[in-house]
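Chemist: generate coordinates for the sequence data below:
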Amino acid sequence: MFLMPENLRFMLSAYSTDDPIYFGHKFNTTDHKWGYFSGGSGYAMSRKTLRIFVEKVLTNKNFYNNPKSVCNIKTDDRIEDYDISRCLDYYNVYPGDARDLLKRDRFLPFWPEEHFFIRYNPTYWYWQRKYYWNDDGLDCCSNYTIAFHYISASYQYTMYYLIYKLQPYGINPRYPKPPMQKDFKQVANLLDRERYDPTFRGY
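Modeler: Next up is the predicted model:
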């Protein structure tokens, strides 16, 4: 994974650390209340969410050792990203909408070229599981993308150079205003609507 922490801080500045919410690239499944996040490009948990995950899931042996539990994470053959979302669903932690104002993804489950040149294939698992619809090509990805997945060691250096070192002469940097603080009750209401109305996606 290649992570741009500056863009992560920019997105998270609209939320309180006390909100029970977390972010990532959302996939769709009927086994979750609100879908689940791909582990490849990572997910960002609020302090409240992390506390719930550690205190009520990881250290609650009666919960995760129980084979009938919705959050049985005792064995290594489990699917980590899928199960973490199920665990947090149980405690009503909200998987937020991490897209930018133009509805472009900020957590990307593939490397850049795969998103830039990807072609729609209804039989491919990625398109079957997409929670939010977005364009391919350069409109696939936010200008403030947070993470890409499947970045090899050598590609890490390439990404670092292109993002942090290369500067076209004469172009001044443009910075957006910090996002407004979101009212979590309104966010939760919209995410609840997502849960029950499949035609409604995102806020």
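Chemist: for residue 63, give me the pLDDT.
Modeler: Residue 63 carries a pLDDT value of 65.
Chemist: now do the one 10 residues further on
Modeler: Among the per-residue scores, residue 73 holds a pLDDT of 60.
Chemist: next helix or strand past the helix-or-strand element of the chain with minimal mean pLDDT?
Modeler: Least confident helix or strand of the chain, by mean pLDDT, DSSP states H and E, is helix 61-64 with a mean of 65. Remark: after helix 61-64, the chain's next helix or strand is helix 80-90, criterion DSSP states H and E.
Chemist: give me the sheet partners of the helix or strand following that next one and which way each runs.
Modeler: Using DSSP H and E, the helix or strand that follows helix 80-90 in sequence is strand 94-95. Note on strand 94-95: by DSSP bridges, its sheet partners are strand 21-23 (parallel).
Chemist: chain center to the strand it pairs with: distance?
Modeler: 7 Å (Cα atoms, centre = their mean, to the nearest Å).
Chemist: ditto for stretch 42-50
Modeler: 10 Å.
Chemist: now do stretch 104-124
Modeler: Distance, centroid of stretch 104-124 to centroid of chain: 14 Å (Cα atoms, centre = their mean).
Chemist: and stretch 8-20, by the same measure?
Modeler: 13 Å.
Chemist: mean confidence score for that stretch?
Modeler: pLDDT averaged over stretch 8-20 gives 96.
Chemist: can you get me a residue count around residue 43?
Modeler: 23 (other Cβ atoms under 10 Å). C-beta: built from backbone N, CA, C; applies to glycine.
Chemist: nearest spatial neighbour of it, chain-adjacent residues omitted?
Modeler: Once flanking residues are discounted, residue 43 sits nearest to residue 24: 3.4 Å by Cβ to Cβ, 6 or more residues apart in numbering.
Chemist: again with residue 102
Modeler: residue 142 (7.4 Å).
Chemist: need the pLDDT of the one you found.
Modeler: So residue 142 comes in at 94 (pLDDT).
Chemist: ramachandran angles for it?
Modeler: Here is the backbone geometry of residue 142 (degrees, to the nearest 10): phi -70, psi 150.
Chemist: confirm for me that it is in contact with residue 106.
Modeler: Yes. Applying Cβ atoms under 8 Å, one finds residue 142 in contact with residue 106, separated by 4.6 Å.
Chemist: which one of the two is surrounded by more residues?
Modeler: Neighbours per residue (other Cβ under 10 Å) separate residue 142 from residue 106, with residue 106 holding more: 24 against 21.
Chemist: the strands in the chain, which residues?
Modeler: Applying DSSP state E to the chain gives strands spanning 2-3, 21-23, 26-27, 36-37, 44-45, 94-95, 107-108, 147-148.
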